[in-house]
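> attaching a predicted model along with its sequence, questions to come.
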Amino acid sequence: MIEDNENHTYSSQATSVRTTSPWTVVLGAGVIILGGVAFYESSRTDTIKKELTAAQQENAAVQSNLTTSYGELQKSFSSLKDELDQAREEAGKNLAKSQSVAARHADQLAAKIEQKRSADEQQLSAELNQVKASTDEASAKLTGITTDVGDVKNDVGTVKNDVASVRSTTDKNTADLQRALGDMGVMSGLIATNGVDIKVLRALGDRNIYEFTLTRSHGMEKVGDIQVALNKTDSKRNRFTVDILTDDKKVEKKDKSINEPVQFYVPSKAKQPYELVVNEVSKTTVKGYLATPKVTVSRNEAALTNQ
């Protein structure tokens, strides 16, 4: 009985297998394949989407960095441009300031030169006017003398001749004297180069004249109202060096030449410079003279008077 049932079951299954269509198997396989393909494509699509999203995010970050870098570059360029403009502006201001200072200095120097030249011209003109005034006064006195006495007329004529002779002699002697620019840049008075010229210079009476002979080993020696020490001599080149002591202040005049006006101020004595002129230089001595102003008004007093 049991065997019959088993046979019947096997028979039913065989019948069922035989009744299954081959297309059903193919269709099932296709569905399985399509499902696998669909799952693969879906999985791949998700992966691509994730990669695309990551690429977009990275691109956005790069774009943001580029924007930031460009902005910083623009700021740096703008700052550099501002600094360059500021430097150019400051350079222009400094150049203009330098030009202004140079122009002002040139104007001041020109004014000083012109003032000094004008003062020298005024001094020379005043001296010439004084000589002319003295001559005119003498001529006026001589011309104003009127007398009918023949002897007096002869005497007047003789006096005129004597005056003309003295004037001619004085003019001739004065012509031998010269002016020179002193070592302080001040135009000197008339310069004597020998004993005869010194006598003429003293006779003019414009300045006090003190002749001297300085010896190198004697130290400070009194000349006029100052003291002078001979430090060095060069007889071959006619040059010398001296120390001058005035108002307790010592000044060195180094490597001076003969007949050169060595000028210096004595503030407590006069507003015009003293002039020391050496006419002879030997191995151990020098000879010359010191010329000092007649008017002994100190420079400080003169400044207060001008105020």
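That came in fine, so what should we check first?

> for the rest of this, base every contact and every neighbour count on C-alpha atoms.
Fine.

> what helix or strand is the residue nearest to the spatial centre of the chain located in?
Most central in the chain under C-alpha atoms, centre = their mean is residue 102, positioned 7.7 Å from the mean C-alpha point. Assigned by DSSP states H and E, residue 102 falls within helix 22-144.

> check which helices and strands that helix sits against.
Packed against helix 22-144 by the contact rule (3 or more C-alpha pairs under 8 Å, 6 or more residues apart in numbering; DSSP states H and E) you find no helix or strand.

> give the rounded mean pLDDT of it.
For helix 22-144, mean pLDDT rounds to 78.

> also stretch 209-220?
Stretch 209-220 carries an average pLDDT of 96.

> end to end, how far does that stretch reach?
One end of stretch 209-220 to the other measures 19 Å (C-alpha to C-alpha, to the nearest Å).

> how about that stretch: buried residues?
With burial defined by 16 or more other C-alpha atoms under 10 Å, the residues of stretch 209-220 counted as buried are 209, 210, 211, 212, 214, 215, 216, 220.

> could you identify the most distant pair in these?
Farthest-apart pair in those is 209 and 216; separation 22.0 Å (C-alpha to C-alpha).

> domain ranges for this protein?
For the chain, automatic domain parsing gives the domain ranges 145-175, 195-306.

> which one of those is the most hemmed in?
domain 195-306 (a mean of 17; mean count of other C-alpha atoms under 10 Å).

> ok now that domain, how far from the chain's centre?
34 Å (C-alpha atoms, centre = their mean, to the nearest Å).

> confirm residue 233 sits in a strand?
Yes: assessed with DSSP: H, G, I helix; E, B strand; the rest coil, residue 233 lies in a strand.

> partners of it in the sheet?
On the basis of DSSP bridges, residue 233 is bridged to residue 240.

> okay, now stretch 187-202: how far is its last residue from its first?
Start-to-end, stretch 187-202 (C-alpha to C-alpha) is 19 Å.

> near residue 136, how many other residues are there?
14 (other C-alpha atoms under 10 Å).

> just the strands in the stretch 151-300 of the chain please.
In the stretch 151-300 of the chain, the strands defined using DSSP state E, counting those that start in this stretch lie at 207-215, 220-223, 226-234, 239-246, 249-257, 262-264, 274-281, 285-293.

> so which of those is nearest residue 130?
It's strand 207-215; of the strands of the stretch 151-300 of the chain, that one is closest to residue 130 (C-alpha to C-alpha) at 14.5 Å.

> what's that closest one packed up against?
Using 3+ C-alpha pairs under 8 Å, 6+ apart, strand 207-215 sits against helix 195-204, strand 220-223, strand 226-234, strand 285-293.

> next, the angle from the third one to strand 285-293.
Meaning strand 226-234. Angle between the axes of strand 226-234 and strand 285-293 is 140 degrees (criterion: axes from the mean of the first three to the mean of the last three C-alpha atoms, to 10 degrees).

> now do strand 226-234: which elements does it pack against?
Short answer (3+ C-alpha pairs under 8 Å, 6+ apart): strand 226-234 packs on strand 207-215, strand 220-223, strand 239-246, strand 285-293.
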